[in-house]
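Participant: Here is a sequence with its predicted model. Questions after.
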Amino acid sequence: MDRLTAETKIKELAKRIERHNRLYYEEDRPEITDQEYDQLMRELIELETQFPELASPDSPTQRVGGEPLPFFEKVVHKTPMLSLGNAFGEADIRDFDRRVRQAVGSQAVRYVAELKIDGLAVSLHYENGVFVRGATRGDGTIGEDITQNLKTIRSIPLRLTRPLTLEVRGEAYMPKAAFEKLNREREERGEPLFANPRNSAAGSLRQLDPKIAASRQLDIFIYGIGELHGETVESHSEGLDLLESLGFKVNKERRVFEDVGELLAFIESWTQKRPSLPYEIDGMVIKVDSYAQQEELGYTAKSPRWAIAYKFPAEEAITILEGIEVSV
Ligand SMILES: NC(=O)c1cc2c(=O)c3cc(F)ccc3oc2nc1N
């Protein structure tokens with residue numbers, strides 16, 4: 001086959017496969033069988049192998065994972081991925097609010113409250129709109145390059161809607177239903193079970209063979225910007241809206257507050273609604289919205305002073321032991 005025909009065939013195959021991906025993953029109404037789908041994918045992989053210069057970085061073949069890696073390369077985070085300070089109750093939230101207001105003086109303060117997804121923190125780096133590298137948080141400065149595994153997460157765009165160079169952070173996670181299904185399959189195979197969705201997401205993304213990550217329905221919510229070039233935003237909420245417009249999946253349950261009382265009511269409401277979510281959360285994250293105020297507040301050695309994680313109380317588990325009622 002000549003190069004020009006190959007180029008046309010590759011474009012046509014990629015378009016067909018992307019349509020079948022949408023029908024299968026987003027609309028849950030596949031039009032072809034898995035075998036027919038696999039055949040299309042094999043054809044595209046074959047053509048890209050014959051004409052590697054025609055394989056685009058956002059080709060659907062990038063989603064299925066290549067050969068297992070011998071080890072993970074190290075990645076240095078240009079902007080450290082820090083950890084959040086914790087709050088365990090209303091008093092801690094009010095202390096946080098007091099410290100913020102002391103630091104920013106008489107300026108009005110706006111907070112963004114987000115669900116705290118219980119997964120694995122990752123960093124995603126894009127050059128001119130193309131996903132080029134993904135890494136774990138690691139120790140905050142040095143993480144592991146898990147790009148091949150992250151490419152198998154369908155909600156991670158391989159190409160953004162605009163050719164921006166940026167680095168974003170998010171929480172990769174395994175939905176509750178996928179976790180339960182995975183453990184049922186492992187139980188049938190007599191394999192050890194995962195303790196919780198967080199461990200199964202972390203375990204899946206730390207596999208050297210990307211086909212394992214590809215087989216686990218992992219997902220991600222992007223929650224922040226590390227580096228941004230070619231665009232300026234003044235606040236965290238504006239940043240999240242920009243990320244959504246670029247094609248990232250950002251959690252919709254975020255809200256902006258001026259009043260701490262309303263913020264506390266929002267936190268209380270999610271303490272109640274938490275079991276109804278299709279993914280696990282272990283708390284809420286509260287952030288000062290204005291980037292200028294975040295700058296003023298700065299950082300401690302390991303955490304931002306402009307954000308705090310409210311941790312939900314450990315789930316009440318009432319068990320009856322020989323008629324004695326205990327709560328653990
Ligand atoms: N698990 C989460 O859903 C989540 C986690 C973080 C962080 O770990 C985090 C760490 C920082 F140093 C700064 C902001 C952050 O924002 C965050 N926002 C979130 N929504």
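Facilitator: Received it, and whenever you're ready, just let me know what you need.
Participant: helices and strands around the strand or helix carrying residue 212, which ones?
Facilitator: Here residue 212 sits within helix 210-215, counting by DSSP states H and E. Helix 210-215 sits against helix 147-150, helix 197-205, with contacts defined as 3 or more C-beta pairs under 8 Å, 6 or more residues apart in numbering; DSSP states H and E. Heads up, the C-betas are built off the backbone N, CA and C, glycines and all.
Participant: which strands and helices sit next to the shortest one?
Facilitator: Pointing back at helix 147-150 there. strand 130-136, helix 197-205, helix 210-215.
Participant: Can you give the contact residues for whichever helix or strand comes after the helix holding residue 212?
Facilitator: Remark: after helix 210-215, the chain's next helix or strand is strand 219-229, criterion DSSP H and E. Residues outside strand 219-229 that contact it (C-beta atoms under 8 Å, 6 or more residues apart in numbering): 77-79, 81, 114, 117, 119, 122-124, 153, 155-156, 164-175, 233, 236, 239-240, 243, 248-251, 279, 285.
Participant: and the ligand, which of these contact it?
Facilitator: Filtering those for proximity to the ligand (criterion: C-beta under 6 Å from any ligand atom) leaves 114, 117, 171, 285.
Participant: ranking the residues you listed by neighbours, who comes first?
Facilitator: Most neighbours among those, by other C-beta atoms under 10 Å: residue 117, with 26 neighbours.
Participant: OK, contacts around it?
Facilitator: 171, 173, 221, 223, 251, 279, 280, 281.
Participant: and if you look at residue 31?
Facilitator: 20, 23.
Participant: quick one: it is in a strand?
Facilitator: No: residue state for residue 31 (DSSP: H, G, I helix; E, B strand; the rest coil) corresponds to coil; a strand is not indicated.
Participant: quick revisit: of the helices and strands packed on helix 210-215, which approaches residue 96 most closely?
Facilitator: With C-beta to C-beta as the criterion, residue 96 lies closest to helix 197-205 of the helices and strands packed on helix 210-215, at 24.7 Å.
Participant: Can you give the contact residues for the closest one?
Facilitator: Residues contacting helix 197-205 (C-beta under 8 Å, 6+ apart): 118-120, 122, 136, 146, 149-150, 172-176, 178-179, 182-183, 194, 212-213, 216, 218, 279-280.
Participant: Show me which residues of the stretch 51-200 of the chain are close to the ligand?
Facilitator: 82, 84, 114, 116, 117, 121, 171.
Participant: From those residues, pick the one nearest residue 90.
Facilitator: For those, the nearest to residue 90 is residue 116 (16.8 Å; C-beta to C-beta).
Participant: Surely the closest one touches residue 277?
Facilitator: No: at 11.5 Å, residue 116 and residue 277 do not qualify as touching, with contact defined as C-beta atoms under 8 Å.
Participant: Which one's more surrounded, those two?
Facilitator: residue 116 (22 against 14).
Participant: how distant is the helix or strand harbouring that one from the center of its chain?
Facilitator: Element membership for residue 116 (DSSP H and E) is strand 111-117. Averaging C-alpha positions (C-alpha atoms, centre = their mean, to the nearest Å) puts strand 111-117 14 Å from its chain's average.
Participant: Adjacent strands (with direction) for it?
Facilitator: Note on strand 111-117: by DSSP bridges, its sheet partners are strand 255-257 (antiparallel), strand 281-288 (antiparallel).
Participant: now the angle from the longest one to strand 219-229?
Facilitator: Right, the one you point to is strand 281-288. Relative orientation of strand 281-288 versus strand 219-229 (axes from the mean of the first three to the mean of the last three C-alpha atoms, to 10 degrees): 20 degrees.
Participant: which outside residues touch the very next helix or strand once past strand 281-288?
Facilitator: For strand 281-288, the succeeding helix or strand toward the C-terminus, using DSSP H and E, is helix 291-297. With C-beta under 8 Å, 6+ apart as the test, helix 291-297 has contacts from 100, 103-104, 107, 109, 233-236, 239, 287-288, 304-306.
Participant: Confirm for me that residue 40 is in contact with residue 19.
Facilitator: No: Residue 40 is beyond contact range of residue 19, at 10.3 Å (criterion: C-beta under 8 Å).
Participant: Show me which of the two is the more surrounded one.
Facilitator: Neighbours were counted for residue 40 and for residue 19 using other C-beta under 10 Å; residue 40 has more, 16 against 11.
Participant: What sits closest to that one if chain neighbours are left out?
Facilitator: Using C-beta to C-beta, 6 or more residues apart in numbering and skipping the chain neighbours, the partner closest in space to residue 40 is residue 17 (5.4 Å).
Participant: now do residue 280
Facilitator: Once flanking residues are discounted, residue 280 sits nearest to residue 118: 4.2 Å by C-beta to C-beta, 6+ apart.
Participant: any idea how far the one you found lies from residue 311?
Facilitator: Separation of residue 118 from residue 311 (C-beta to C-beta, to the nearest Å): 11 Å.
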